[in-house]
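what's the 3D shape of this:
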Amino acid sequence: MKKEDRSYIFLIMLHFFLGALIFAFPFASKIYTLAIFAFGVYYIVKTENKNNEVLIVSAYVVGVEVLLRMTNGMILNEFGKYSILFFMFLGMIYSRFSKNGLLYGVFLLLLIPGIILSTTALNFETDIRKAIAFNISGPVCLGISSIYCYQRKISFDRLKQLITAFSMPLITTLAYLYFYTPSVEDVITGTQSNFETSGGFGPNQVSTILGLGVFVFFVQLLMNSKSRLLQVINAGFVLTFAFRGIVTFSRGGVITAVVMILLFLIVLFFQANNNARPKIALIIMFSFLTGLGVWGYSSFETKGLINKRYANEDALGRKKKSQLGGREVLMESEWQMFLDNPILGVGVGKNKELRKQQTGIDLASHNEITRMLAEHGLFGIIDLLILFFTPILLFVNNRQNILALSFLTFWLLTINHAAMRLAAPAFVYALALLSVQLKIPEKGENSLE
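Coordinates of the predicted model:
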């Protein structure tokens, strides 16, 4: 067995053990959190971020965030976003950033009017600091991460190492879920999102991160498996993550993973030479058939209830009135707020208060697009245009970042069903802005020229 294979398998075993340890001793989750942050700072400072170590530790944080949330390991509520922000600032100190990345400085500046408005618009009894932080920490994390990543040159090998950094803590999460719910069929009783198969935590967020796991290990399988053994291991993880994502009964993360993989394969197909295209076409066909197999197994384990879930039916086969689990009402109320306040919006955090007053529904937004419109008005529209078109234009000009469109898709689809509660959509979006090089630039991977 090659040294690289041994190292990879050791990391898998270590992270699986961590999942078992945290399940047996929940307090270990807090120690894990502190260790991640301390090691991240040490790693960046020691290396002076010469090879974009910031991206490696940030990817690791994204992979572990949901596990820390479900096991109460968070030292701060928004540990994921705040730690990534800290790492990004630290990285900029050592390796600067592109001046063109200040486009995302404009994005951040356009958030300020909504923040200022909220200080006077929010109800007196509302904790203004928490209301603002809850809604704005995601966009700020995205903006700062994007400034760091904008046209930053990294080698393709480093991009593959980044994918590995995502994957390891996801294994820990997967291990914890299996110890929490060893038998899926025993806890499936209806077609609603299932907390038991989601580690007792929000199925929407768990599905999101498991869907990311499906994509990450699919990339590992195709791009980072040099031996037959690693191919088998990574293929196994693709199937396992897919199954566990499906049985959360939360559809967003699974659908996102499928679209990401599809886009990845399409990009590979059109950028490959004529000799490689038949192989990619075969991979597409095999992936489709394997996907059907996973779905069939999931249907068997859930006694057919998963089929009804995706058909938007209840356990008795009756069509549900809501197509999006009630999110339509939230989106409609936010759209109306935008129409009533098209220039400045209602202010950060105010949409939840207004919705409660008008409809009696006391829920935060699940859709970042309509939230941006409602709370930031015209400035929100400009920000969304910046976010959507910038990575597309960069990809058109440099297609070596073959994961860029998949990264962008993860952000876009995730914020439509889970807003930006996790750090994942913010950081993964920023990765779409990287300038991936098949060869390391002469001035090192941190070259911005």
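
use CA for all of it now, contacts and neighbours both
OK.

And the helices in the stretch 51-200 of the chain?
Using DSSP state H, counting those that start in this stretch, the helices of the stretch 51-200 of the chain run over residues 53-70, 79-95, 103-109, 112-121, 128-149, 156-180.

So which of those is nearest residue 339?
helix 112-121 (15.6 Å; Cα to Cα).

the inter-axis angle of that closest one versus helix 128-149?
170 degrees (axes from the mean of the first three to the mean of the last three Cα atoms, to 10 degrees).

quick revisit: mind checking the helices of the stretch 51-200 of the chain for the one nearest to residue 331?
That would be helix 128-149 among the helices of the stretch 51-200 of the chain, by Cα to Cα, at 15.6 Å.

The closest one - contacts with which helices or strands?
helix 79-95, helix 103-109, helix 112-121, helix 424-431 (3 or more Cα pairs under 8 Å, 6 or more residues apart in numbering; DSSP states H and E).

between it and helix 53-70, what angle do the directions make?
Relative orientation of helix 128-149 and helix 53-70, computed by the same axes, to 10 degrees: 150 degrees.

Could I get the buried residue list for helix 128-149?
By neighbour count on 16 or more other Cα atoms under 10 Å, the buried set for helix 128-149 is 128, 131-132, 134-149.

Give the rounded mean pLDDT of that helix.
Mean pLDDT, helix 128-149: 90.

and it, how far out from the chain's middle?
Distance, stretch centre to chain centre, for helix 128-149: 15 Å (Cα atoms, centre = their mean, to the nearest Å).

So which residues make contact with that helix?
78, 81-82, 84-85, 88-89, 91-92, 96-98, 101-105, 107-108, 115, 118-119, 122, 348-349, 420-423, 425-427, 429-431, 433-434 (Cα atoms under 8 Å, 6 or more residues apart in numbering).

what angle do that helix and helix 79-95 make?
Inter-element angle recorded for helix 128-149 and helix 79-95: 40 degrees (by the same axes, to 10 degrees).

hang on, the earlier thing: minimum distance to residue 231: which of the helices of the stretch 51-200 of the chain has it?
When the helices of the stretch 51-200 of the chain are ranked by proximity to residue 231 (Cα to Cα), helix 156-180 comes first, at 14.0 Å.

ok, then the element right after the closest one?
Later in the chain than helix 156-180, the nearest helix or strand by DSSP states H and E is helix 203-223.

Check which element follows that following helix along the chain.
helix 228-246.

Report the angle between that following helix and helix 156-180.
Using the same axes, to 10 degrees: helix 228-246 against helix 156-180 is 50 degrees.

Test my guess that residue 83 contacts residue 37.
Yes. Residue 83 is within contact range of residue 37, at 7.0 Å (criterion: Cα atoms under 8 Å).

Any stretches of the stretch 101-250 of the chain with poor pLDDT?
The stretch 101-250 of the chain contains residues with pLDDT under 70 at 124-125.

again, only this time at 90
Applying pLDDT under 90 to the stretch 101-250 of the chain flags the ranges 118-135, 182-192, 202, 226.

so which helix or strand takes in the closest residue to residue 306 other than its chain neighbours?
The spatially closest residue to residue 306, leaving aside those adjacent along the chain, is residue 299, at 5.8 Å (Cα to Cα, 6 or more residues apart in numbering). Residue 299 is part of helix 277-301, with elements assigned from DSSP H and E.

one step back: save the helices and strands packed on helix 128-149 as CSV, and put in mean neighbour count too.
What follows is these, written out as CSV (neighbours: other Cα atoms under 10 Å):
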stretch, mean neighbour count
helix 79-95, 20
helix 103-109, 18
helix 112-121, 18
helix 424-431, 27
